[in-house]
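*Asks:* Compute the structure for the input listed below.
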Amino acid sequence: QVQLVESGGGLVQDGGSLSVSCAASGRTFSTHAMAWFRQAPGEEREFVALINWSGDSTYYADSVKGRFTISRDNAKNTVYLQMNSLKREDTALYYCAAARSGSYNWRAYLYWGQGTQVTVSS
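*Replies:* Here you go, the predicted structure:
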């Protein structure tokens, strides 16, 4: 069992930076792939970034590639998402999720956090 709690969201200006974190409980964190998804009002939940269990492989949605960086610290049971050059279209509720095998499809994830709001203003 993995329990996830996101933090670090907030309001930032267009072009700014923000970092969000996801703290996990449970001894199985280091064996799970971790991902960030986001969902804007009225939109489907979409994939943002994925990191494998060891942290040596990462994957990004085209819309965030080169701007966002996912990382993890297994000693701290935490996964991070550093977001730079933020745009208004990045505004959404950001969720972290865990699964034994990573996927771009949110339906593949069993464990979810409650979400943290990121709002980018012009």
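*Asks:* and stretch 72-80, how far out from the chain's middle?
*Replies:* Stretch 72-80 has its C-alpha centroid displaced from the chain centroid by 12 Å (C-alpha atoms, centre = their mean, to the nearest Å).
*Asks:* start to end distance for it?
*Replies:* Taking C-alpha to C-alpha, to the nearest Å, the first and last residues of stretch 72-80 lie 6 Å apart.
*Asks:* just stretch 113-122 next, same as before
*Replies:* The first-to-last residue distance of stretch 113-122 comes to 28 Å (C-alpha to C-alpha).
*Asks:* Helix or strand: which one has S19?
*Replies:* S19 is located in strand 18-25, with elements delineated by DSSP states H and E.
*Asks:* Show me what that strand is in contact with.
*Replies:* By C-beta atoms under 8 Å, 6 or more residues apart in numbering, the surrounding residues in contact with strand 18-25 are 2-10, 12, 34, 36, 76-83, 86, 94, 96, 98, 113, 116, 118. Heads up, the C-betas are built off the backbone N, CA and C, glycines and all.
*Asks:* Can you name the element that comes right after it?
*Replies:* Next in sequence after strand 18-25, counting helices and strands by DSSP H and E, comes strand 33-39.
*Asks:* Who are the packing partners of that following strand?
*Replies:* strand 18-25, strand 46-51, strand 68-73, strand 78-83, strand 92-99 (3 or more C-beta pairs under 8 Å, 6 or more residues apart in numbering; DSSP states H and E).
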